[in-house]
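*Asks:* build me a model:
(chains A and B)
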Amino acid sequence: MGAGPHGLSALKALLQNGIEADGFERESDVGGNWNFGAENSRVYESTHLISSKPFTQFPDFPMPDSYPDYPSHRQVKEYFERYAAHFGLRDRIRFSSDVVRAVPVDEGRAWDVTVADRVTAQETTYRYAGLVVGNGHNWNPKIPDYAGRSEFRGEVIHSADYKGPEVLRGKRVLVVGAGNTGCDVAVEAAQNATHAWHSTRRGYYYNPKYMTGRPSDQVADSLLALRLPLGLRRVLFKASLGIAVGDLTKFGLKRPDHKFFETHPIVNQQLVYYVGQGDITPKDDIDRFDADGVVFTDGSRVDVDLVVFCTGYLVRFPFLEQDWLNWKDDHPQLFLQMFTPSFDNLVVSGLIQPDSGQWTLAHWQGILIARVAEALRVRPSVAHGFLSRSAAEADRRYSAGAHYKDSTRHYFEVAHQDYLRALQDAIHELEVSA
Amino acid sequence: MSTGSDRRSSTSRNPLRRKTVAMRPWDWSFPSAPVSHREVISAQPAEPTGRPPLLMVHGLAHAAWCFGENWVPAAAEAGFPAYAVSLRGHGGSAGARHLRRTTTRDYVHDVLQTITELPEPPVLIGHSNGAVVAQLVAERYPLRGLVLLTPAPMHSAVGDLVAIGKDRPADLLRAVVGQTLSMEPDILFEGLDPQTARTYSDRTGPESPLVQWELLLRRRVGPIRCPVLVVGTPEDRLVRPADVQRTADTYGVEPVWFPGMGHDVMLDAGWEQVLDTVLAFAADLPAWGSAPVR
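*Replies:* Next up, the predicted model:
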């Protein structure tokens, strides 16, 4: 379900291993979140990757040499189109098909999937031996509630609906949230709006895209390749940022209240620059709205015309019962962030937010799904042995030793090397018994 | 042809095989440099036949021309979309200036890049060192099939180098100090007329010393799930038949032997028979995505 990167890679891995599979996609094209302009796409005009090609791409289908280190969302979309065409996936996907519900039948041995054609509105039910859910986790906006919101006469949008800087022009803009989107929007507001304020709960580290002439994630991965311990990597990163940027409080930004690698990395070189130029004024958390503006927790107040909430997303599976996914604290807790204790034949792919690129992990999740499906068919005892750990290991995190700041933001955060090693071990476990 | 080939790839425990490798930290942190231009020689069948594309990868000091000469047009004639790529620093591809710094990993990158430009997953054909590259590609990418022509051994070419040294000590010395292995006509060909053999030999170019030295390493290959065909010749003066046999053993197949031919089986007299064997193998492969679970 879903023809974004995770749906595509799972479909490919299943077909590659001789397992019959169909895909369903609500839009008329592949790409998922990267299908710019589609209803549930959350990319905006200027979106570029913030992780460089090597770890971001599917390892068996590298991005072309002609792409830059950090491709744009258009190139990413084109890349997925080529991937789908190359592996013959298009013929296996029913587009413009909304999965309405999926219910287990035959005591959980099969699933009935009801799909609505978005053109004819006709509903059809198909039966499958197993389900792979790849509907994404960055489409359902999370909007915080503040006192006085209803009195505010200005405009309020969520970044989910932010497509480009036109909406910012000539306005006094408050951007809320310091995720990568929040920082991007704050920078675009600095360039386009009358003035920009940026409200964040805490201080962050703003990482550059390049270090020593190389993409900084590649520099970070070379430290990992050398197996430097977390503490030493923290020292090196802090030192390099100290030389390049220095003390953020001198810019009026908050001092980070956490250590490196405890929050999802922000890759943005321009934010600090615009703060330094006075185009962005950093602000505290919002306390309340009034008719014309916003009051912050430090008591200060500004008049604004537009508030952009870059406050992230909440995961939702509208076609499944939440109980089936071991739902706790408003999110599913799954073994390897994929397998539910409730069913052997229900897998979620893509419920991860790595501190690096995504689609190398998407590829290996797909391979693992194919190995499990294969084992369920020809070596059921091995498969069941593997899946029986889902209850016990559902809350295991892959943070490489760091303690993530708890927030809905970090439910799915994984340290890419830690998580990938776990996937590799799982693949070996199913392969060794071959 | 003296034996048939067994096309089942082996899943048994084999000391030369290793488990799936997902962790490639050095590839992530120091990726191969992009190449500004890659030469791909290709020919298409007159009309679509539904047969899988063939991608051919040359060995040391050769380039796409060695397949472009006979195999690419003949394969297209037989209904297979055919492609041959020049690895960086070879033939018409860019990268000659950096050849001395080029490693096998860069060649793997070049082949993967070429594959992504093909309309569908190909059968990969690697000759000599190109077979090493092809095996490294096969553990990363789901090929339709893998063909290894007089493959340089993944389990270390020290034995081949010693054999070369016994025959031609000067060649050994040159290779050890980083000069390109000799590609004289009598080393590459058995049945070809001397003039053509000389012409082909003269077309070979320099090779990266790092890539040549890498051949001495013992490398294990990851799980390769596609069918494998191994081709060798008893008269090979670069890769010993025993090494061809050992490569085939790794995959649980029997090599197909072509007596009376030299190392360059795609150019030497009799290339048609070798190509026929390869095409028969390729025509018989299951469609991508339809192979049943073993």
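*Asks:* residues making contact with stretch B:45-52?
*Replies:* Identification of contacts with stretch B:45-52 by CB atoms under 8 Å, 6 or more residues apart in numbering or on different chains yields B:76-81, B:120-123, B:144-145, B:282-283, B:285, B:288. In short, each C-beta sits where N, CA and C put it, glycine included.
*Asks:* same thing but 6 Å
*Replies:* Defining contact as CB atoms under 6 Å, 6 or more residues apart in numbering or on different chains, one finds that stretch B:45-52 is touched by B:76, B:79-80, B:123, B:144, B:282.
*Asks:* try stretch A:233-248
*Replies:* So stretch A:233-248 is contacted by A:223, A:259-260, A:272 (CB under 6 Å, 6+ apart).
*Asks:* go ahead and flag the most central residue of the chain.
*Replies:* Here I'm looking at chain A. A:Q353 (4.8 Å; CA atoms, centre = their mean).
*Asks:* nope, chain B please
*Replies:* B:G126 (1.8 Å).
*Asks:* just confirm that one contacts B:V57, I think it does.
*Replies:* Yes: counting by CB atoms under 6 Å, B:G126 does reach B:V57; the two are 4.5 Å apart.
*Asks:* how would you label A:S399: helix, strand or coil?
*Replies:* coil (DSSP: H, G, I helix; E, B strand; the rest coil).
*Asks:* that one - nearest residue in space that isn't next to it in sequence?
*Replies:* A:A415 (5.3 Å; CB to CB, 6 or more residues apart in numbering or on different chains).
*Asks:* what sits against that neighbour?
*Replies:* A:355, A:398-400.
*Asks:* distance check, it against chain B.
*Replies:* Distance of A:A415 to chain B, given as CB to the nearest CB, to the nearest Å: 13 Å.
*Asks:* what number of residues lie near the closest residue to B:Q44 other than its chain neighbours?
*Replies:* Closest residue to B:Q44 apart from its sequence neighbours, by CB to CB, 6+ apart: B:P81 at 5.3 Å. By other CB atoms under 10 Å in any protein chain shown, the residues close to B:P81 number 22.
*Asks:* does any part of the longest helix seen in chain A sit near chain B?
*Replies:* Counting residues, the longest helix found in chain A (DSSP state H) is helix A:359-378. Yes: Helix A:359-378 lies within reach of chain B by CB under 6 Å from any CB of the partner chain, at A:364, A:374, A:377-378.
*Asks:* could you flag which of the residues you listed are buried?
*Replies:* A:364, A:374 (16 or more other CB atoms under 10 Å in any protein chain shown).
*Asks:* would you verify that A:Q75 is located in a helix?
*Replies:* Yes: A:Q75 forms part of a helix when assessed by three-state DSSP.
*Asks:* measure it to A:I19 for me?
*Replies:* 31 Å (CB to CB, to the nearest Å).
*Asks:* of those two, which one has the most company?
*Replies:* Using other CB under 10 Å as the criterion, A:Q75 and A:I19 rank with A:I19 on top: 20 against 17.
*Asks:* and that one, how far from chain B?
*Replies:* 7 Å.
*Asks:* that residue in helix, strand or coil?
*Replies:* Per three-state DSSP, A:I19 ends up coil.
*Asks:* name the nearest residue to it, sequence neighbours excluded.
*Replies:* Nearest to A:I19 is A:A373, by CB to CB, 6+ apart, at 5.2 Å.
*Asks:* same question for A:E123.
*Replies:* A:E123 sits nearest to A:A116 (CB to CB, 6+ apart), 5.0 Å away.
*Asks:* touching the one helix or strand the one you found maps to from outside, list them.
*Replies:* Using DSSP states H and E, A:A116 maps to strand A:110-117. With contact meaning CB under 6 Å, 6+ apart, strand A:110-117 is reached by A:24, A:97-105, A:123-129, A:131.
*Asks:* in it, what counts as buried?
*Replies:* A:110-111, A:113, A:115-116.
*Asks:* okay if I get those residues as CSV plus pLDDT?
*Replies:* What follows is the buried residues of strand A:110-117, written out as CSV (pLDDT from 0 to 100):
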residue, pLDDT
A:A110, 94
A:W111, 95
A:V113, 94
A:V115, 94
A:A116, 94
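*Asks:* could you point out which element follows the strand holding A:A116?
*Replies:* In N-to-C order, the element after strand A:110-117 by DSSP H and E is strand A:123-128.
*Asks:* ok, the next helix or strand after that next one: who's next to it in the sheet?
*Replies:* Going down the chain from strand A:123-128, the next helix or strand is strand A:131-133, by DSSP H and E. Looking at strand A:131-133 with DSSP bridges, its partner strands are strand A:346-348 (parallel).
*Asks:* helix/strand/coil for the residue of the stretch 151-294 of chain B found nearest chain A?
*Replies:* Of all residues in the stretch 151-294 of chain B, B:G289 sits closest to chain A, at 3.8 Å by CB to the nearest CB. Secondary structure, three-state DSSP: B:G289 is coil.
*Asks:* can you map out the helices along the stretch 1-150 of chain A?
*Replies:* A:5-16, A:53-56, A:73-86 (DSSP state H, counting those that start in this stretch).
*Asks:* winner for burial among those?
*Replies:* Among these, the stretch with the highest mean neighbour count (mean count of other CB atoms under 10 Å in any protein chain shown) is helix A:5-16, at a mean of 27.
*Asks:* so what touches it?
*Replies:* Contacts for helix A:5-16 (CB under 6 Å, 6+ apart): A:21, A:23, A:84, A:87, A:89, A:132, A:134, A:349-350, A:359, A:362-363, A:366-367, A:369-370, B:142, B:289.
*Asks:* one step back: now for the longest helix of chain A, which elements pack on it?
*Replies:* When contacts are defined as 3 or more CB pairs under 6 Å, 6 or more residues apart in numbering or on different chains; DSSP states H and E, helix A:359-378 sits against helix A:5-16, helix A:380-387, helix A:416-432.
*Asks:* now it: buried residues?
*Replies:* Buried residues in helix A:359-378 (16+ other CB under 10 Å): A:359-376.
*Asks:* okay, now the unreliable bits of chain B?
*Replies:* Scanning chain B for pLDDT under 70 picks out B:1-17, B:290-294.
*Asks:* near chain A, which residues of it are found?
*Replies:* Residues of chain B lying near chain A (CB under 6 Å from any CB): B:11, B:19-20, B:22-23, B:25-26, B:28-29, B:31, B:34-35, B:112-113, B:116, B:140-142, B:289, B:291-293.
*Asks:* out of those residues, list just those in helices.
*Replies:* Per DSSP H, those map to helices at B:25-26, B:28-29, B:112-113, B:116.
*Asks:* contacts for the helix or strand in which B:A197 is found?
*Replies:* Using DSSP H and E, B:A197 maps to helix B:194-203. Taking contacts as CB under 6 Å, 6+ apart, the residues outside helix B:194-203 that touch it are B:183-185, B:189, B:267.
*Asks:* any chance of TSV for the helices and strands packed on helix A:359-378, columns mean pLDDT and distance to A:F335?
*Replies:* Output for the helices and strands packed on helix A:359-378, formatted as TSV (pLDDT from 0 to 100; distance: least, CB to CB, whole Å):
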stretch	mean pLDDT	distance to A:F335
helix A:5-16	94	17
helix A:380-387	91	8
helix A:416-432	89	9
